[in-house]
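>>> Coordinates for the following, if possible.
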Amino acid sequence: MVIGSAYCPLQPATTLQPTENITFAKKFKTPKVNRKILHLAIPNIISNITVPLLGIIDLTMMGHLGNEVYIGAIALGGMIFNFIYWGFSFLRMGTSGFTAQAFGEDNKKEAINILSRALLVGIIGSILLILLQYPIEKFSFWMINGGDEVEYFASRYFYIRIWAAPATISLYAFVGWFIGMQNAKTPMVVAIVVNVLNLLFNLLFVFVFDMKSDGVAWGTVLAQYCGLILAIILLRKHYSAYFKFWEKKAMLEMKAMKAFFMVNKDIFIRTLALIFTLSFFTSKSAEANDTILAINTILFQFFIFFSYFVDGFANAGEALAGRYVGARDKAKLIATTRLVFYWAIGVSLFFVVLNSLGGRLVLQLMTSNQEIIDGSMLYMNWIIIIPLVGFTAFIWDGIYIGATVSNHLRNSILVALMVFLAVYYFTSDTLGNHGLWLAFVCFLGVRGIYLSLLAKKSIFDKVVEKAEKV
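Below you'll find the predicted structure:
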């Protein structure tokens, strides 16, 4: 990774003096912290992987119905909900950072009130989605062109699945809260149960009741509400002692609500910029030709699979960073950040080797079209580079979210987006599809560099400022 003169937690120098280092070494046991990181990262990785696996199963089921329109309906309907729910992903990220800081402060009252604020926002947002479902559907199919029959079934899918919004968005709040409470196992259990139930409901509705794509939509709705009920049960089981600290007045306290919305506003803008970048990438791939679209779509799965793994460690960094910011423990914050980066480097190198040695084999498993396989190999070097360039941005995302320093997350992605567009338009005529991949690599790299440059001032030094005020 390229950091230049940026502050980086991998550097051995810190503000600790030699005598402080001796004391710190006794308190901060690296194997113990590594266990904490893995305790948080592994369940998050498992939770992440269940999502694409279910999507693959859904498409496989539709693929065995003898009519491709059902595949198209699931693809289009799923795309609409991906955009909708990505827009609400701020709820998970914002909730985890605030909760982790309350956990680090051992502030049970604030912790439970953060959950109630997040759920309140989620319920209001989901009610708005249901009330506005008709214009959302019309706008979505105006933006996305599909055949008449595909759009008909996708529309039916949309109008069924929209009723899962209260459960889906509330689960974002629960998952963020559990992660902030240093508990990654509960979200993992909920994710596995939701996806297993989703699969079973889909099999029942599609193959027993012959409901086709409608059955997949109803399966998702029922599974999401089952997941919400399970999350509430697990909350009562593990955190019932927190309920006595809940206060309606504290939940609606204006200063806390303002801080919550300010952080979530920045994360929302960040998410919109990310959605735009990925949509632009897909759009320009489609403009090239159908073969390039297929090649880029398949190659992008390599990036997505890598992101699920490195995101697990980013989520671990998010939870632990928030905890140590809340506890005003700069030494542990720096050392933990350094260890999370070490794990991320290991994951990145693993994917570099995997993509270098097994790239063609993976492509052969994903498609039997030799033209697409050969065409994809022309761009495989970009897939090999991406883990090395991209992991820095992923990990800093987690650390910044945990520290609730959201303004730089917003600014970093806006700067990266401008670089992405500039590189694409300057190189696309001469480099073609290579220019699009170069622009995407620059997008990832700029975010990592930007966040690295500002980490010391915006995160680590502020922990000292907080300590001085206490």
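
>>> ok, the residue nearest to residue 174 when sequence neighbours are not counted - contacts?
Once flanking residues are discounted, residue 174 sits nearest to residue 231: 4.3 Å by Cβ to Cβ, 6 or more residues apart in numbering. The C-beta positions use only the backbone N, C-alpha and C, and glycine is treated the same way. Shown in contact with residue 231 (Cβ atoms under 8 Å, 6 or more residues apart in numbering): 170, 171, 174, 186, 190.

>>> Which of these fall in strands?
Taking DSSP state E, every one of the contacts of residue 231 sits outside strands.

>>> Could you identify the most distant pair in these?
170 and 186 (14.5 Å; Cβ to Cβ).

>>> in this structure, which helix or strand is least confident?
The helix or strand of the chain with the lowest confidence, counting by mean pLDDT, DSSP states H and E, is helix 18-27 at a mean of 42.

>>> and stretch 299-310, what's its mean pLDDT?
In this model, stretch 299-310 has an average pLDDT of 86.

>>> residues in contact with the residue nearest the centre of the chain?
In the chain, the residue lying closest to the centroid (Cα atoms, centre = their mean) is residue 311, at 6.9 Å. Shown in contact with residue 311 (Cβ under 8 Å, 6+ apart): 44, 45, 48, 394.

>>> from the contacts of residue 231, which would you call buried?
Burial by neighbour count, 16 or more other Cβ atoms under 10 Å: within these this picks out 170, 171, 174, 186, 190.

>>> Which ones among those map onto helices?
170, 171, 174, 186, 190 (DSSP state H).

>>> tell me the pLDDT at the last one?
Pointing back at residue 190 there. Residue 190 is assigned a predicted lDDT (pLDDT) of 93.

>>> swap in the first one?
You'll see residue 170 listed with a pLDDT of 93.

>>> on that earlier part again, quick one: the residue nearest to the centre of the chain from residue 377, how far?
Using Cβ to Cβ, to the nearest Å, residue 311 is found at 27 Å from residue 377.

>>> what do you get for residue 409?
Residue 409 is 35 Å from residue 377, by Cβ to Cβ.

>>> Neighbour count: those two, which is higher?
Counted by other Cβ atoms under 10 Å, residue 409 and residue 377 do not tie: residue 409 has more neighbours, with 25 against 15.

>>> quick one: residue 338 and residue 423, what's the gap?
Distance from residue 338 to residue 423, counting by Cβ to Cβ: 31 Å.

>>> quick one, helices of the stretch 351-470 of the chain?
Taking DSSP state H, counting those that start in this stretch, the helices of the stretch 351-470 of the chain run over residues 370-377, 380-402, 406-431, 433-455, 461-469.

>>> now do the stretch 1-150 of the chain
Under DSSP H, counting those that start in this stretch, the stretch 1-150 of the chain gives helices at 18-27, 30-63, 68-87, 90-104, 108-131, 133-143, 148-161.
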